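Asks: Test case, fold it:
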Amino acid sequence: MGNLLYFIAVVLVIAWAIGFIGYGAGNLIHLLLVIAFIAVLLRFIQGKRI
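Replies: Reported below is the predicted structural model:
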């Protein structure tokens, strides 16, 4: 489960970067970045290494 969470966070950060460069996704892509950041933060809080 932890590896899947980290994978999803990485995918969301990549999607944010693509959307930020392309300007096509609007504010939704920034919401995805926040979700990815929260996923990584939860992993740190749980004490697991990335």
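Asks: From here on, just use CA atoms for contacts and neighbour counts.
Replies: Noted.
Asks: Now the helix or strand containing A39: average pLDDT?
Replies: If you go by DSSP states H and E, A39 is part of helix 28-45. Helix 28-45 shows a mean pLDDT of 80.
Asks: Likewise for stretch 6-15?
Replies: pLDDT averaged over stretch 6-15 gives 82.
Asks: Can you classify G47 by secondary structure?
Replies: coil (DSSP: H, G, I helix; E, B strand; the rest coil).
Asks: What's the separation between it and L31?
Replies: 25 Å (Cα to Cα, to the nearest Å).
Asks: counting contacts, what elements does the helix holding A39 pack onto?
Replies: helix 2-22 (3 or more Cα pairs under 8 Å, 6 or more residues apart in numbering; DSSP states H and E).
Asks: Off-centre distance for the helix it packs on?
Replies: 4 Å (Cα atoms, centre = their mean, to the nearest Å).
Asks: Next, the angle from that helix to helix 28-45.
Replies: Note on geometry: by axes from the mean of the first three to the mean of the last three Cα atoms, to 10 degrees, helix 2-22 and helix 28-45 are set 150 degrees apart in direction.
Asks: Kindly export helix 2-22 (C-alpha atoms) in CSV.
Replies: Only the C-alpha atoms of helix 2-22 are listed here, as CSV (Å, rounded to 0.1, in the frame of the first residue of the first chain):
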residue,chain,number,x,y,z
GLY,A,2,2.8,2.4,0.8
ASN,A,3,4.6,2.0,-2.5
LEU,A,4,1.3,2.6,-4.3
LEU,A,5,0.7,5.8,-2.4
TYR,A,6,4.2,7.0,-3.2
PHE,A,7,3.7,6.1,-6.9
ILE,A,8,0.4,8.0,-7.0
ALA,A,9,2.1,11.0,-5.4
VAL,A,10,4.9,11.0,-8.0
VAL,A,11,2.4,10.7,-10.9
LEU,A,12,0.4,13.6,-9.5
VAL,A,13,3.5,15.8,-9.3
ILE,A,14,4.4,14.9,-12.9
ALA,A,15,0.9,15.7,-14.0
TRP,A,16,1.1,19.0,-12.1
ALA,A,17,4.4,19.9,-13.8
ILE,A,18,2.9,19.1,-17.3
GLY,A,19,-0.2,21.1,-16.5
PHE,A,20,1.8,24.1,-15.1
ILE,A,21,3.8,24.2,-18.3
GLY,A,22,0.8,23.7,-20.6
